[in-house]
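J.: sequence? don't have it. structure:
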């Protein structure tokens, strides 16, 4: 089974002239951590005076017209910069290249992300992790209730 998965996953794809390569496991795990931290990091940049995510979200309730405009302008700079930085980190393509190469463009960024997901077997990993989680839960339930063999 695993041999067929391995054979179906390309080691590298070229998208708009840039190689998107398969990551070693350690880099992949770091990438997953970066993806997990992404929302918190964006909120921290959007609300630098708020140390707690709950407080940052609470401040959204008291927005007036001027603070809403300020927040939207900040989002237009923070979110794309962080998103491009994340794609650069995942793919090894420099952020400056992603931002400034006219061959890439907005559609190219999406194609690069899709290539990264494919060459790193992200979908296969998610399915396998889900199956493993179900097996572990079933085993834990069996152990909790006692094995009746």
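T.: Nice, I can see it. Note that this is a predicted model, so its numbers are computed, not measured.
J.: Could I get the full set of helices for the protein?
T.: 2-8, 25-46, 53-59, 65-91, 95-100, 105-119, 122-145 (DSSP state H).
J.: what residue ranges in the chain score low on pLDDT?
T.: 1-10, 51, 122-130, 132-133, 139-140, 142-149 (pLDDT under 70).
J.: wouldn't residue 22 be in contact with residue 117 here?
T.: No - using C-beta atoms under 8 Å, residue 22 is not in contact with residue 117, being 11.2 Å away. Yep, even glycine has a C-beta here, placed from its N, CA and C like the rest.
J.: measure residue 25 to residue 32 for me?
T.: 10 Å (C-beta to C-beta, to the nearest Å).
J.: Between these two, point out the one with more neighbours.
T.: Comparing residue 25 with residue 32 by other C-beta atoms under 10 Å, the one with more neighbours is residue 32, at 12 against 8.
J.: related to what we said a few turns ago, how about the helices of the chain, which one is nearest residue 16?
T.: helix 105-119 (4.6 Å; C-beta to C-beta).
J.: Just list what that closest one packs against, helices and strands only.
T.: With contacts taken as 3 or more C-beta pairs under 8 Å, 6 or more residues apart in numbering; DSSP states H and E, helix 105-119 sits against strand 12-15, strand 18-21, helix 65-91.
J.: got the buried residues for that helix?
T.: 108, 109, 111, 112, 113, 115, 116, 118, 119 (16 or more other C-beta atoms under 10 Å).
J.: If we ignore the residues flanking it in sequence, what's nearest the fifth one?
T.: Read it as residue 113. residue 87 (6.1 Å; C-beta to C-beta, 6 or more residues apart in numbering).
J.: residues contacting that neighbour?
T.: 93, 95, 98, 109, 112, 113, 116 (C-beta atoms under 8 Å, 6 or more residues apart in numbering).
J.: measure it to residue 106 for me?
T.: 12 Å.
J.: before we move on, what about residue 77?
T.: From residue 77 over to residue 106 (counting by C-beta to C-beta), the distance is 17 Å.
J.: number of nearby residues for the residue lying closest to residue 82 once chain neighbours are set aside?
T.: Closest residue to residue 82 apart from its sequence neighbours, by C-beta to C-beta, 6+ apart: residue 42 at 5.4 Å. Residues contacting residue 42 under the criterion other C-beta under 10 Å number 17.
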